[in-house]
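J.: structure of the sequence below:
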Amino acid sequence: MTTELGPPPYMWTYPYKDQPLADVWKVNVKMKEVWVQRYLQG
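T.: Presented below is the predicted three-dimensional model:
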């Protein structure tokens, strides 16, 4: 599986600031945790 989560312009940013709305590393770590729980431990 691959995600569409990455640095701008792939992730949402604040308008007119080009700053990400979230920490991309934390978002990807959370997605990994969800996938492990859902697909490897289920």
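J.: any idea how far Q41 is from W35?
T.: Per CB to CB, to the nearest Å, Q41 is found 10 Å from W35. All C-beta atoms are positioned from the backbone trio N, CA, C, and that covers glycine.
J.: any idea whether P15 is helix, strand or coil?
T.: coil (DSSP: H, G, I helix; E, B strand; the rest coil).
J.: Q41 and W35: which is more packed in?
T.: The neighbour comparison of Q41 against W35 (other CB atoms under 10 Å) goes to W35, with 12 against 6.
J.: quick one: mean pLDDT for the host helix or strand of the more buried one?
T.: For W35, the enclosing helix or strand under DSSP states H and E is helix 24-35. Averaged over helix 24-35, pLDDT sits at 89.
J.: for that helix, buried residues please.
T.: For helix 24-35, a neighbour-count test (16 or more other CB atoms under 10 Å) marks V24, V27 as buried.
J.: same thing with stretch 13-22?
T.: Neighbour-count burial for stretch 13-22, counted by 16+ other CB under 10 Å, picks out P20.
J.: distance between that stretch and the chain's centre?
T.: 15 Å (CA atoms, centre = their mean, to the nearest Å).
J.: so which residues make contact with that stretch?
T.: P7, P8, M11, W12 (CB atoms under 8 Å, 6 or more residues apart in numbering).
J.: ok, and the most crowded of those residues?
T.: For the contacts of stretch 13-22, neighbours tallied by other CB under 10 Å; top is M11, 15 neighbours.
J.: so that residue, which of the three states?
T.: coil.
J.: now it: closest residue in space that isn't a chain neighbour?
T.: Computed as CB to CB, 6 or more residues apart in numbering, the closest residue to M11 that is not its neighbour in sequence is P20, at 5.4 Å.
J.: before we move on, what's the pLDDT of that neighbour?
T.: Reported pLDDT at P20 in the predicted model: 89.
J.: from Y10, how far off is it?
T.: In this view, P20 and Y10 are 10 Å apart by CB to CB.
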